[in-house]
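Trainee: pasting the sequence and the predicted model now:
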Amino acid sequence: MSKRGSGKPSCPECGKAATGNFCEHCGANLGGRFCNQCGAEIAPKAKFCNQCGEGAAGGAADGGAHRAAAAAAVGGQNLPWWIAGVALFGLIVVVGTQMVSTGGPSEPAPVQPAGRLGTGAPPDISQMTSIEAADNLYDRIMTAAEEGDSVGARQFMPMGLAAYERARPLDADGLFHLSLLQSTATRLEESLATGLQILEANPDHLLGLSAAAEAAAELGRTEEAAAHYQHIVDVYDAQMATQLVEYLDHDRITNNLRNVAEAFLAGR
């Protein structure tokens, strides 16, 4: 194989300057090994070019050079980035393992519907039965009233009253709720009439007697109120023994109802 005056080899087939093991112009085998950097011929077992120091293609120097470069990157200024990358990978593995073992990320706690717990945004009553929607609004209004939130009570009062009207016919518990709402809205005649509806079905019903007695007292009908309160005293023990669900649900009222009745009668 011949070389030109520049010292670079030329292809024996096409005569053009060529480097490496094969001619880049015609593909002829150049024979031997030549430096890809300067074109000088390299001894068969040489690891580096004796002219420019470039690593010999296909020799052991290639692998050594790559390993040296990698070692320099790890041991030099890139070391902190490698450490950070390894740490991040480890964290991802730990979190992923925990998620798989526990069935995925924990679900957020469900939001409690408004009612006895507060007076924020209106509850979603679209999926409730008519009586469930009415009772939810009752809870909301009465909680607001007990906490002195007159704005909240007034805001939902029309909705609550209308909800119970839509839910008719009402049982004794529903009628008692409606009577209390009417009383809170100072619609006392309506409250008294609703309490009497309970007594039409059960003359001894403690919640009906309570609603009627309180409304009559607020209207200034003392004798009528006294009659209802006396009836409470007479039937209290027998009625409480029935353990009606509405008595238990309104135990703050029923447990103290005889004391309230006796106090009213004593104060006449």
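Mentor: Cool, the structure landed. Numbers count the residues shown, from 1 in each chain.
Trainee: quick one: contacts for the closest residue to residue 173 other than its chain neighbours?
Mentor: Leaving aside its chain neighbours, residue 173 sits nearest to residue 246 (4.1 Å; criterion: Cβ to Cβ, 6 or more residues apart in numbering). For the C-beta atoms, the positions are set from N, CA and C on the backbone; glycine is no exception. Counting by Cβ atoms under 8 Å, 6 or more residues apart in numbering, residue 246 touches 172-173, 176, 207.
Trainee: for residue 252, same thing?
Mentor: Residue 252 touches nothing, counting by Cβ under 8 Å, 6+ apart.
Trainee: against residue 189, how distant is it?
Mentor: Per Cβ to Cβ, to the nearest Å, residue 252 is found 26 Å from residue 189.
Trainee: could I get the buried residue list for stretch 221-229?
Mentor: For stretch 221-229, a neighbour-count test (16 or more other Cβ atoms under 10 Å) marks 221, 224-226, 228-229 as buried.
Trainee: what's the answer for stretch 144-155, then?
Mentor: Within stretch 144-155, the residues that count as buried by 16+ other Cβ under 10 Å are 144-145, 152-153.
Trainee: contact partners of it?
Mentor: Contacts with stretch 144-155, where a contact means Cβ under 8 Å, 6+ apart, come from 119, 140-142, 156, 184.
Trainee: look up how far residue 43 lies from residue 235.
Mentor: 120 Å.
Trainee: who has more neighbours out of the two?
Mentor: residue 235 (16 against 11; other Cβ atoms under 10 Å).
Trainee: contacts only, for the more buried one.
Mentor: Contacts of residue 235 (Cβ under 8 Å, 6+ apart): 204, 206.
Trainee: tell me the pLDDT at it?
Mentor: Note for residue 235: predicted pLDDT of 98.
Trainee: which of the buried residues of stretch 144-155 fall within helices?
Mentor: Among the buried residues of stretch 144-155, DSSP state H puts 144-145, 152-153 in helices.
Trainee: redo the contacts of residue 246 as TSV? Include secondary structure and distance to residue 136.
Mentor: Shown next, in TSV, are the contacts of residue 246 (DSSP: H, G, I helix; E, B strand; the rest coil; distance: Cβ to Cβ, whole Å):
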residue	secondary structure	distance to residue 136
172	helix	19
173	helix	14
176	helix	16
207	helix	19
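Trainee: report the buried members of the residues you listed.
Mentor: Buried, going by 16+ other Cβ under 10 Å: 172-173, 176, 207, out of the contacts of residue 246.
Trainee: need those in TSV with pLDDT and distance to residue 55, can you?
Mentor: Output for those, formatted as TSV (pLDDT from 0 to 100; distance: Cβ to Cβ, whole Å):
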residue	pLDDT	distance to residue 55
172	97	98
173	97	93
176	98	96
207	98	98
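Trainee: all good on my end, thank you.
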